[in-house]
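[1] mind looking at a prediction? Sequence and model below.
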Amino acid sequence: MNRNGWNAKLIHYTGFMASAPSSTIPYDFAVGEWLREADLIIVQRNIIMPDVVNAMKYWQAVKNKVVVVDLDDAYHMLDASNPALTFWHENREQNHAMDYLIEGLSISDGLIAPNRNLLNDFNTLAGVPGYYLQNYAEKDWWTDLPSRDEMKKKLGLEGRIVIGWGGSVSHFNSFVGSGVMEAAGLIAKRYPEVTFLICGNDGRILENLPVPASQLQHQDSVPPSEWPKVVKTYDIGMAPLFWDYDHRRSWLKGIEYALAGVPWIGSGGGVNATYSDLAHLGTLVKNTELNWYNALQSKIDNLGKEQIKAERFIPQAQKLFIADNQTAVFEAVYRQIIGDTRKRGRIREGMPGVVHI
């Protein structure tokens, strides 16, 4: 943002808490001075304690700032497969993070999220106005990538057909329910030259994928700037989704595959499907074991043509770099939020019936 002439600052949430005189931690004059100049304050997901909510109220009611929330996870839909369930739900007698999140959303001037289903959910749960803003890619990371052959050599995968996926610990259900697990096992049997490269820190996917150890490789997590090089290793990318939580994700995995020139297959279907806007850049399938198997088989059997086609899609994907969309997309959304907030006005806390315009 600052490279494009903006004046943006990233503040740790504890610093934001300390910017309000009512905080239980010492007041931070430096943060307070900076926020006084801000047109828009965006609180990124960490509304997990009362001091955060109080700071939001202070900057809204006392300083008349526009304060919105940005998040991209369906915390209200976590299940036992996600380790975050304990923090957000199971310890609610001691830890009221979910309650503070809902309270913060309810008093905020809007929610920014990369998924329309997520916006609809929190509008119902907290009455918060929603602003759709997809995830975009960092230009510096996704240009001048090494070749696929270079990356395969680096990872010891020369001569292999690499089918790849990478993600966090919240995707296990995506593999279990989509049918891709069973399809991968059948593909490995039919194509001994295939290696499945699973990236990230969820060992459950590696443990349960029915693929021989000789056809399975793990890639540890890497810094974000190095991730595009890993994606470039893939001959084929996978983007399985399954349940309601998955249908509240962003489209970023599809964008990443397209930027790296990787043919990819994703789960499609449903209202506001995660990858529906990217159907022209990849292949979307209805979740069944057979559909995933057929899609993977087709990509392998026509790999040369598929990769040439994917390379042709790169310029389209490159239109979705953050830096190139700051005015047309980001600034437009931010200005809309500020304008909508001013139009609605705000009832100041402690002054019933008085609306500040």
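    Structure received.

[2] just for this protein, where's the confidence low?
    Residue ranges of the chain with pLDDT under 70: 91-94, 270-272, 346-357.

[3] regarding it, what is its longest helix?
    Taking DSSP state H as the assignment, the helix of the chain that covers the most residues is helix 303-317.

[4] downstream of that helix, the next helix or strand is which one?
    helix 332-344 (DSSP states H and E).

[5] quick one: contacts of that next one?
    39, 40, 66, 68, 109, 110, 112, 129, 131, 132, 133, 357 (C-beta atoms under 8 Å, 6 or more residues apart in numbering). From N, CA and C alone the C-beta is placed, and that goes for glycine too.

[6] for the third one, phi and psi?
    It refers to residue 66. phi -90, psi 120 (degrees, to the nearest 10).

[7] wait, it sits on residue 41?
    Yes: in terms of C-beta atoms under 8 Å, residue 66 counts as a neighbour of residue 41; the distance is 6.9 Å.

[8] distance from whatever helix or strand residue 30 lives in to the middle of the chain?
    In this structure, residue 30 sits in helix 29-36 according to DSSP H and E. Offset of helix 29-36 from its chain centre (C-alpha atoms, centre = their mean, to the nearest Å): 29 Å.

[9] now that helix: buried residues?
    The neighbour-count check on helix 29-36 (16 or more other C-beta atoms under 10 Å) flags 31, 32, 35 as buried.

[10] swap in stretch 49-68?
    Those would be 49-61, 65-68, for stretch 49-68 by 16+ other C-beta under 10 Å.

[11] separation between the residue most central in space within the chain and residue 127?
    Centroid-nearest residue in the chain: residue 250, 4.9 Å away (criterion: C-alpha atoms, centre = their mean). As judged by C-beta to C-beta, to the nearest Å, residue 250 and residue 127 stand 23 Å apart.

[12] pretty sure residue 188 contacts residue 215?
    Yes: between residue 188 and residue 215 there is a contact at 4.9 Å, judged by C-beta under 8 Å.

[13] which secondary structure elements does the helix holding residue 30 contact?
    With contacts defined as 3 or more C-beta pairs under 8 Å, 6 or more residues apart in numbering; DSSP states H and E, helix 29-36 has these neighbours: helix 13-17.

[14] and the helix it packs on, how far from the chain's centre?
    With C-alpha atoms, centre = their mean, you get 23 Å for helix 13-17.

[15] what about residue 345, how many residues nearby?
    Residue 345: 11 surrounding residues under other C-beta atoms under 10 Å.

[16] tell me how far it lies from residue 55.
    Using C-beta to C-beta, one gets 21 Å for the distance from residue 345 to residue 55.

[17] kindly report the same for residue 99.
    17 Å.

[18] run a quick neighbour tally on residue 300.
    Residue 300 sits with 19 neighbouring residues when counted by other C-beta under 10 Å.

[19] same check on residue 122?
    Neighbours of residue 122 (other C-beta under 10 Å): 26.

[20] quick one: secondary structure of it?
    Assigned by DSSP: H, G, I helix; E, B strand; the rest coil, the conformation of residue 122 is helix.

[21] that one contacts residue 112, doesn't it?
    No: under the criterion of C-beta under 8 Å, residue 122 is not in contact with residue 112, lying 10.8 Å apart.

[22] the strands in the stretch 51-200 of the chain, which residues?
    Using DSSP state E, counting those that start in this stretch, the strands of the stretch 51-200 of the chain run over residues 66-70, 111-113, 130-132, 161-167, 194-200.

[23] who's in contact with the fourth one?
    By that I understand strand 161-167. Contacts of strand 161-167 (C-beta under 8 Å, 6+ apart): 152, 184, 187, 191, 193-200, 202, 205, 219, 227, 230-231, 233-240, 253, 262, 296, 300, 303.

[24] same question, the third one
    In this structure, residues lying in contact with strand 130-132 by C-beta under 8 Å, 6+ apart are 68, 110-116, 119-120, 122-123, 333, 336-337.

[25] partners of it, with directions?
    Paired strands of strand 130-132, with direction, are strand 111-113 (parallel) (DSSP bridges).

[26] from the middle of its chain, how far away would the partner strand be?
    Using C-alpha atoms, centre = their mean, the offset of strand 111-113 from its chain centre is 12 Å.

[27] buried sites along that strand?
    111, 112, 113.

[28] likewise for stretch 20-27?
    For stretch 20-27, by 16+ other C-beta under 10 Å, it's 20, 23.
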